[in-house]
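*Asks:* have a look at this prediction, sequence included:
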Amino acid sequence: MRRRTKGLNFGKQRKKFNVGLFKEIISWIFEMAIIVVIAYTIVAFFGFRTSVVGNAMSPTLKNEEQVLVNKFVYLFTQPKSGDIVVFLPNGNEKSHYYVRRVIAGPGDTVLIEDGAVYVNGELYDEATEVASIVDPGLAEEEITLGTDEYFVLGDNRNSSEDSRMANIGNISKDYIVGKAWFYFTSVKDMGFLH
């Protein structure tokens, strides 16, 4: 009896399971999962981005400039004087994010007198050159901050809605979203904030 060599062959042998290939595929899937988790963590903590609204932080930050926010840093530390923070006024989630500079923290006293800011009775050492304040607002009389409150001002002091105004007031730590650490408008206009 002669066997056919060409054509259909119903007696095919089953292919053997390739263990090496299977291990390599599982290894790739595992590595991809790790990369996704790391990327998500970086974006969740450091990748938050917001726009500056208005000229309250001029000349440090301009209107519509993009700011990257570190949401992670204040889980372990407290905002300190000079930090540029991003917050929601009174926790109002329907509001845009505000970007302002911390002037004083919990337990400090703040007074604005003759256009200058005094923290704990001493003239505040400004991080940037600012104009004399025309309207001291609520800080016309000495303010004592609570245990989780921060007093913030815009760098453009005479064109800023900040802690001097009753609708903003002292900022609770719970309303601070994070610390602004990097700004960018274009490839030629970007940098770290301090």
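*Replies:* On my side now, so go ahead.
*Asks:* distance of Thr185 from Asn70?
*Replies:* With distances taken as Cβ to Cβ, to the nearest Å, Thr185 is found 19 Å from Asn70. Glycine gets a C-beta too; all of them are placed from N, C-alpha and C.
*Asks:* more neighbours, those two?
*Replies:* Neighbours of Thr185 and Asn70, each counted by other Cβ atoms under 10 Å, are more numerous for Asn70; the result is 17 against 13.
*Asks:* what's the helix or strand for the residue nearest to Phe192 when sequence neighbours are not counted?
*Replies:* Using Cβ to Cβ, 6 or more residues apart in numbering and skipping the chain neighbours, the partner closest in space to Phe192 is Phe182 (5.7 Å). Take DSSP states H and E as the rule and Phe182 turns out to sit in strand 176-186.
*Asks:* for the residue nearest to Phe192, grab the count of nearby residues.
*Replies:* Phe182: 15 neighbours (other Cβ under 10 Å).
*Asks:* ok, it to Gly169 distance?
*Replies:* Using Cβ to Cβ, Phe182 is found at 28 Å from Gly169.
*Asks:* what about the residue lying closest to Ile168 once chain neighbours are set aside, how many residues nearby?
*Replies:* Closest residue in space to Ile168, ignoring its immediate chain neighbours: Pro89 at 5.0 Å, by Cβ to Cβ, 6+ apart. Neighbour count for Pro89, taken as other Cβ under 10 Å: 19.
*Asks:* so Pro89 sits against Tyr98, correct?
*Replies:* Yes. Judged on Cβ atoms under 8 Å, Pro89 makes contact with Tyr98 at a distance of 5.9 Å.
*Asks:* quick one: residues contacting the residue nearest the centre of the chain.
*Replies:* The residue lying closest to the centre of the chain (Cα atoms, centre = their mean) is Val69, at 1.8 Å. Neighbouring residues of Val69 by Cβ atoms under 8 Å, 6 or more residues apart in numbering: 48-50, 86, 177-181.
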